[in-house]
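> Everything below, folded, please.
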Amino acid sequence: MFSLPNNVTIIEVGPRDGLQNEKNEVPTEIKLAFIEKLQLAGIKEMELTSFVSPKWVPQMKDANEIVTQVKKMGRQLVLTPNNKGVELAKQSGAKDFAVFVGVSNSFNKKNINKTTTESMDELRPIVEKLLQQGYFVRACISTAFYCPYEGKIDASDTLALCKEFVSWGVNELSVADTIGMANPLESYELFDSLKKEFPVTLITAHFHDTRKMGIANILASLQAGIDRFDTSAGGLGGCPFAPGATGNVATEDVVNMLHQMGIVTNINLDSLLQAVEVVEPYVSRPIDTGMYKLFISK
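Below you'll find the predicted structure:
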């Protein structure tokens, strides 16, 4: 009926996107243990932390300690909103960078007090310099479908922003349903267009599960040819600048679905659940993995 990829790459965003809005302060040693368990489960690409002002995102105040102490395995992304963040990340030894811009001007203004155009003007020399120096650069496209302040985003605006990033030579586009309002048809159509428009650029889909359509959107994106997904162990996450947005799609749910469909991820689900157990006592909401444990035990 439709073709699906044989293999899928999971980019784990729990340590950064998953914890950034967590009310409880998670100790650095727990974050490091969480990351190590995720690595042992087979995660090869991961968002580790972000170099942002502790005033705005206090959970990320230990970014330098995380990058310097983590075991170096696979692609380890750090989010850097500006030149200061980039320089601090470089000093810590980071090699893989993520920058972000919202398609929506209103979201961008709430997030970093700049319009989308102003953000792009500031980012261009930063991104081009990173690429010239041989660093990996991921461009995160926020509010690609809907904005909490402006409503539905025109797909042409998302495509235009992606096109500008691709013209700079970025290695990857991570395109996000930031507030979790997209439906499967919208997901298929946008990612089908992106795959056709940018056939040689890595394209990653990033879904939140606000309306419980995250898994359905992932399936639709698979049908559109997407084989890279941002997910968060335990479904942790939420955006401090997107009212109402709940957590990311849970890594264990996505891995389980893919494995049931015969799609290879090279991730061990049992080990993944052990990673969730490391961080669960330190976060403010319960994470239920009991059914998986029952399933795996049999």
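> So which residues of the chain form strands?
Counting by DSSP state E, the chain has these strands, from start to end: 9-12, 45-50, 75-79, 96-102, 136-142, 146-147, 151-152, 172-177, 202-207, 228-231.
> what packs against the first one?
This points to strand 9-12. Using 3 or more CB pairs under 8 Å, 6 or more residues apart in numbering; DSSP states H and E as the contact definition, the elements that strand 9-12 packs against are strand 45-50, strand 228-231, helix 251-260. The way it works is simple: take the backbone N, C-alpha and C, and place the C-beta from them, glycine included.
> Take the strands of the chain and write them to TSV, including mean pLDDT, mean neighbour count and distance to Val67.
Output for the strands of the chain, formatted as TSV (pLDDT from 0 to 100; neighbours: other CB atoms under 10 Å; distance: least, CB to CB, whole Å):
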stretch	mean pLDDT	mean neighbour count	distance to Val67
strand 9-12	98	24	16
strand 45-50	98	26	6
strand 75-79	98	24	6
strand 96-102	97	24	10
strand 136-142	98	23	14
strand 146-147	95	23	31
strand 151-152	96	10	37
strand 172-177	98	25	19
strand 202-207	98	24	21
strand 228-231	98	25	19
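> Of those, which is nearest Gln20?
Comparing the strands of the chain against Gln20 with CB to CB, the closest turns out to be strand 45-50 (6.7 Å).
> Residues in contact with that closest one: which ones?
9-17, 20, 31, 35, 38-39, 57, 60, 62-63, 66-67, 70, 74-81, 85, 98, 230 (CB atoms under 8 Å, 6 or more residues apart in numbering).
> could I get it in CSV with only the CA atoms?
Once non-C-alpha atoms are left out, strand 45-50 reads as follows in CSV (Å, rounded to 0.1, in the frame of the first residue of the first chain):
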residue,chain,number,x,y,z
GLU,A,45,22.6,11.0,18.1
MET,A,46,21.5,13.1,21.0
GLU,A,47,20.8,16.7,22.1
LEU,A,48,22.9,17.0,25.3
THR,A,49,22.2,20.5,26.5
SER,A,50,22.0,24.1,25.6
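> so that strand versus strand 172-177, what angle?
For the pair strand 45-50 and strand 172-177, the angle between their directions (axes from the mean of the first three to the mean of the last three CA atoms, to 10 degrees) equals 80 degrees.
> Return the list of strands paired to strand 45-50, each annotated with direction.
In its sheet, strand 45-50 lies beside strand 9-12 (parallel), strand 75-79 (parallel), with partners assigned from DSSP bridges.
> Any idea which of these gets closest to Ala250?
The minimum distance between Ala250 and the strands paired with strand 45-50 falls on strand 9-12, with 11.0 Å, by CB to CB.
> now the closest one: how far from the chain's centre is it?
The gap between the average C-alpha position of strand 9-12 and the chain average comes to 9 Å, counting by CA atoms, centre = their mean, to the nearest Å.
> what does stretch 148-157 give?
Here stretch 148-157 shows a centroid-to-chain-centroid distance of 20 Å under the convention CA atoms, centre = their mean.
> end-to-end on it?
The first and final residues of stretch 148-157 sit 16 Å from each other (CA to CA, to the nearest Å).
> Flag every buried residue along it.
Residues 148-149, 153, 155 are the ones in stretch 148-157 that count as buried (16 or more other CB atoms under 10 Å).
> Ser106: which of those residues is nearest?
Sorting the buried residues of stretch 148-157 by how near they are to Ser106, with CB to CB, puts Tyr149 at the top with 3.7 Å.
> the longest helix in the chain is where?
Ranked by residue count under DSSP state H, the longest helix found in the chain is helix 116-132.
> Using CSV, write out the CA atom coordinates for that one.
Presented in CSV, the C-alpha positions along helix 116-132 are these (Å, rounded to 0.1, in the frame of the first residue of the first chain):
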residue,chain,number,x,y,z
THR,A,116,12.3,35.7,12.3
THR,A,117,14.2,38.0,9.8
GLU,A,118,16.3,39.5,12.6
SER,A,119,17.2,36.1,13.9
MET,A,120,18.2,34.9,10.5
ASP,A,121,20.4,37.9,9.9
GLU,A,122,22.2,37.3,13.2
LEU,A,123,22.6,33.6,12.6
ARG,A,124,23.9,33.6,9.1
PRO,A,125,27.5,34.6,9.8
ILE,A,126,27.5,32.3,12.9
VAL,A,127,26.4,29.3,10.9
GLU,A,128,28.6,30.0,7.9
LYS,A,129,31.7,30.3,10.2
LEU,A,130,30.8,27.1,12.0
LEU,A,131,30.5,25.2,8.7
GLN,A,132,33.8,26.7,7.4
